[in-house]
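> next come a sequence and a model predicted from it.
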Amino acid sequence: MSIRSGFLFVLAILLVLCRDFGLADESVTTLTPRSVNIRYINDRKQVNYVVDRFRGQLRSSGLNANIISCGLVTEFIEEGIKNVSFGAACAVQDGDSKLTVLMCDDSSAGKFAFGRSGNPTREGVVSFIRRNCPPGG
């Protein structure tokens with residue numbers, strides 16, 4: 001099995017295992033009526049904090065994949081809920097294989113999900129968080 005097919009196999013297995021934490025799905029969904037606060041994170045220190053959270057989640061899932069970098073880092077807060085979800089579009093590498101994936105994390109609710117993304121957008125990251133890692137959900 002080549003390194004790329006091995007990485008894709010591990011990614012597929014992880015997506016199946018992440019169903020308990022939130023199904024990684026990129027289909028279009030409708031917005032909930034609750035008020036949502038969205039903040040795009042540009043501060044390098046805060047970006048590093050989010051990336052470190054994602055790295056920890058990947059390690060605890062038993063994957064060797066390495067996060068090279070993340071962009072479109074987003075903080076997602078629903079009105080009346082005290083915890084926060086984070087999401088981003090990340091370049092991930094395993095051996096010679098590189099993929100762009102959307103990731104989200106709400107560790108206080110025990111949710112972590114990721115899914116492959118071709119050309120990520122801010123709206124796509126927000127939608128991914130809403131479906132897979134809503135705060136407190």
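The structure has been received and is ready for your questions. Numbers count the residues shown, from 1 in each chain.
> so what secondary structure elements neighbour the strand ranked longest in the chain?
For the chain, the strand that runs over the most residues, judged by DSSP state E, is strand 66-78. Strand 66-78 sits against strand 36-40, helix 44-60, strand 85-94, helix 122-132, with contacts defined as 3 or more CB pairs under 8 Å, 6 or more residues apart in numbering; DSSP states H and E. C-betas here are computed from N, CA, C, even on glycine.
> buried stuff in stretch 105-125?
105-107, 109, 111-115, 117, 120, 124-125 (16 or more other CB atoms under 10 Å).
> find the least confident helix or strand in this structure, judged by mean pLDDT.
helix 3-17 (a mean of 43; mean pLDDT, DSSP states H and E).
> residue 88 against residue 69, yeah?
No - Residue 88 lies out of contact with residue 69 (CB atoms under 8 Å); the separation is 9.4 Å.
> count the residues that sit near residue 78.
Counted by other CB atoms under 10 Å, the residues lying close to residue 78 total 18.
> coming back round to it: okay if I get the helices and strands packed on strand 66-78 as TSV plus mean pLDDT and distance to residue 101?
Shown next, in TSV, are those (pLDDT from 0 to 100; distance: least, CB to CB, whole Å):
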stretch	mean pLDDT	distance to residue 101
strand 36-40	89	19
helix 44-60	94	10
strand 85-94	94	5
helix 122-132	93	10
